[in-house]
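Student: the sequence and its predicted three-dimensional model are supplied below.
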Amino acid sequence: MRTEDRVLDVDLPSHDFLNSRDRTEKHILEEDEYALLPPITTSATTDLLELGDSSDANDEQQHPRLNILILYADDWRHDTLGSASNNLVYTPFFDRLAKEGIRFIQNCVTTSICWISRVTYYSGQWYSRHGTFTIGSIPERGEHLYAQYWNETFPGMLKSHGYYTGHVGKWHSSAPCRRGEEFDFVESYYGWHWMERDGKDIHVTKANEEDAIKFLRTRPDKDQPFMLSVNFFAPHSDDEEPEQYFPQNSSMSLYKNITIPMAPSATEEAWKKMPNFFTEKNEGRIRYHWRFNTTEKYQRMMKNYFRLVSEVDASSQAIVEELERQGVLNSTMVIFTTDNGMFLAEHGLAAKFFPHEESIRVPLIIRDPRMRKELVGTENDEFTLSVDLASTILGAAGIKQPARMQGRDISTLYRYTDADNAGAEPWRKEFFYEMPPLKLGENNVPSCQALVRKDFKLMWWPFYQQYQLFDLKNDPYEMNDLLAGVSMKNISALEYSDFEYLDVTVKMLRHMRRLHKSVL
């Protein structure tokens, strides 16, 4: 069997360097203290088992429609969870949510930058289709995506199909976000970490929590299905401030007496292995110097970053407890995910942008009353993507997705058996990643594309005409570029006939071009 024809179903490890410590701090509480969610009941599962995919009004009446709560954080990568075997970070609520739902361990974004990823979230489209290059605009069409296509985003469609819809927190677009227009309920603000409200300072995460609970308590018709997107700003940095991360005072005792280890790839050697166009002018490198270029700074920044993470966990718990108090938790789909991952000094970088695992893999936990009982509390390693969220949310509402959406309904992975899915299109085994050229310039944030598999990853830096290939099975930290010294212009030439990765490179190159065309 040729190399490129083998399907290597590899579960990429979360960072083992985070798994070696036991939790010893006093703030780590017993799990029973966070056993707050009622179990998914058989009756709820039975009643909500089959939601149709038709937008027909009669179909909507025939099938109960789930309420939908999305807990959407910022700059939070896949392994920053206790349930991801990270024994340092304190996320008891999200860990509990994973036990009450399902955690997708190979969930990725299709573009790792805040505003583009958020348009993908709402629209269910790759950047290549929605084209939102700068915040809130489409240069090719000279108008906002939301102005032309808002009625085909999942919030727009839910609102037009009778849902009471709400947005709380970070919007990150110059497109309008208005109460009574795009959403029924809006509390939109950027906020950084601290903001003023009613003459007093309030932390943005606490404001997110209060506004979300206000939405739940003030919705006018308790029988009307609802959708609430809680867009946390944390744990994103405050880039205008030298200290970057500003948690609440009540969290400062967390992580106080531990030392946070650095990843094996957080070294000067790893930085020097990056392509030669990664210079000190690279945005990721600039932010590395802001945050991580000394041991003391790394410890201070990481502890405050983790404190912000734990605060989002606690506020999410408070929001879900309100669902429970109102008796609607078991008729609500709860989703936790984030807009992009984060380099935490790996490869000598901070920020996101690039196709490496730290940047593109993000958490996804779904608690769904329709879930098959035997899958509750399990993990799934299929490639789920940010582009799938809109389709999944519309599916929970019994609404057929519009033709422009490009994702798939993730619930088919936990609602049906293999026999039920017989004849359906197989789930993806690879996907196309893209980062378009930004106004910051190629020397600051190089544009890039990638074909991502579980065994290999092919990266393409178009401005510099350079490819890279990584064997993720044997090189999970992406340190050894297998194409170093190989001329892609002559990849099929006789001189490379004995190149071990010739077949896989050629096939992945062909697949990447095909997938790019498919997402236009």
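Tutor: That came through, no problem.
Student: and whichever helix in the chain runs longest, what other elements does it pack with?
Tutor: Criterion DSSP state H: the longest helix present in the chain is helix 295-325. On a contact count with 3 or more Cβ pairs under 8 Å, 6 or more residues apart in numbering; DSSP states H and E, helix 295-325 meets strand 67-73, helix 92-100, helix 204-218, helix 283-291, strand 332-338. Using the backbone N, CA and C atoms, a C-beta is placed for each residue, glycine as well.
Student: tabulate these in CSV, adding columns for distance to Thr110.
Tutor: As requested, the helices and strands packed on helix 295-325 are exported to CSV (distance: least, Cβ to Cβ, whole Å):
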stretch, distance to Thr110
strand 67-73, 16
helix 92-100, 23
helix 204-218, 25
helix 283-291, 19
strand 332-338, 13
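Student: nearest to Ala403, of the ones you listed?
Tutor: Set against Ala403 and scored by Cβ to Cβ, those come closest in strand 67-73, at 22.0 Å.
Student: strand partners (parallel or antiparallel) of the closest one?
Tutor: Here strand 67-73 has these sheet partners by DSSP bridges: strand 226-231 (parallel), strand 332-338 (parallel).
Student: contact partners of the first one?
Tutor: Read it as strand 226-231. Residues from elsewhere that reach strand 226-231, judged by Cβ atoms under 8 Å, 6 or more residues apart in numbering: 67-72, 74, 118, 154-155, 158, 163-171, 185, 208, 212, 215-216, 219, 316, 319, 393, 397.
Student: low pLDDT regions in this protein?
Tutor: 1-63, 133-148, 172-180, 191, 419, 422-423, 492-496 (pLDDT under 70).
Student: any figure for the gap between the residue nearest the centre of it and Gly348?
Tutor: With distances taken as Cα atoms, centre = their mean, Thr338 lies nearest the centre of the chain, 3.6 Å away. Separation of Thr338 from Gly348 (Cβ to Cβ, to the nearest Å): 23 Å.
Student: returning to what we had before: so which of the helices and strands packed on helix 295-325 comes closest to Ala270?
Tutor: Ala270 lies closest to helix 283-291 among those, at 11.3 Å (Cβ to Cβ).
Student: so what secondary structure elements neighbour that closest one?
Tutor: So helix 283-291, by 3+ Cβ pairs under 8 Å, 6+ apart, packs with helix 295-325, strand 350-351.
Student: angle of the first one against helix 204-218?
Tutor: Using axes from the mean of the first three to the mean of the last three Cα atoms, to 10 degrees, the interaxial angle of helix 295-325 with respect to helix 204-218 works out to 10 degrees.
Student: which positions within helix 295-325 qualify as buried?
Tutor: For helix 295-325, the neighbour count (16 or more other Cβ atoms under 10 Å) marks 298-299, 301-317, 319-320, 322-323 as buried.
Student: got a markdown table for the helices and strands packed on helix 283-291, with distance to Phe226 too?
Tutor: Output for those, formatted as a markdown table (distance: least, Cβ to Cβ, whole Å):
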| stretch | distance to Phe226 |
| --- | --- |
| helix 295-325 | 10 |
| strand 350-351 | 35 |
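Student: out of the ones you listed, the one nearest Glu374 is which?
Tutor: From the helices and strands packed on helix 283-291, taking Cβ to Cβ, the stretch that ends up closest is helix 295-325, at 23.4 Å.
Student: and the closest one, how far out from the chain middle?
Tutor: Relative to its parent chain, helix 295-325 has a centroid offset of 16 Å by Cα atoms, centre = their mean, to the nearest Å.
Student: report the angle between that helix and helix 283-291.
Tutor: 100 degrees.
Student: quick check: angle from helix 295-325 to helix 92-100?
Tutor: Using the same axes, to 10 degrees: helix 295-325 against helix 92-100 is 60 degrees.
Student: please renumber the chain so that the first residue is 428 from this point on.
Tutor: Okay, residue one is now 428; in that scheme the one you just asked about reads as helix 722-752.
Student: got a markdown table for the strands paired with strand 494-500, with distance to Asn807 too?
Tutor: As requested, those are arranged in a markdown table below (distance: least, Cβ to Cβ, whole Å):
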| stretch | distance to Asn807 |
| --- | --- |
| strand 653-658 | 23 |
| strand 759-765 | 14 |
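Student: just give the number of residues close to the spatially closest residue to Arg624 that is not a sequence neighbour.
Tutor: Closest residue to Arg624 apart from its sequence neighbours, by Cβ to Cβ, 6 or more residues apart in numbering: Ala634 at 6.4 Å. Counted with other Cβ atoms under 10 Å, the neighbours of Ala634 add up to 21.
Student: so Ala634 makes contact with Glu623?
Tutor: No: if you go by Cβ atoms under 8 Å, Ala634 and Glu623 don't touch, sitting 10.2 Å apart.
Student: which parts of the stretch 728-877 of the chain are helices?
Tutor: Assigned by DSSP state H, counting those that start in this stretch, the stretch 728-877 of the chain shows helices spanning 784-787, 816-823, 839-842.
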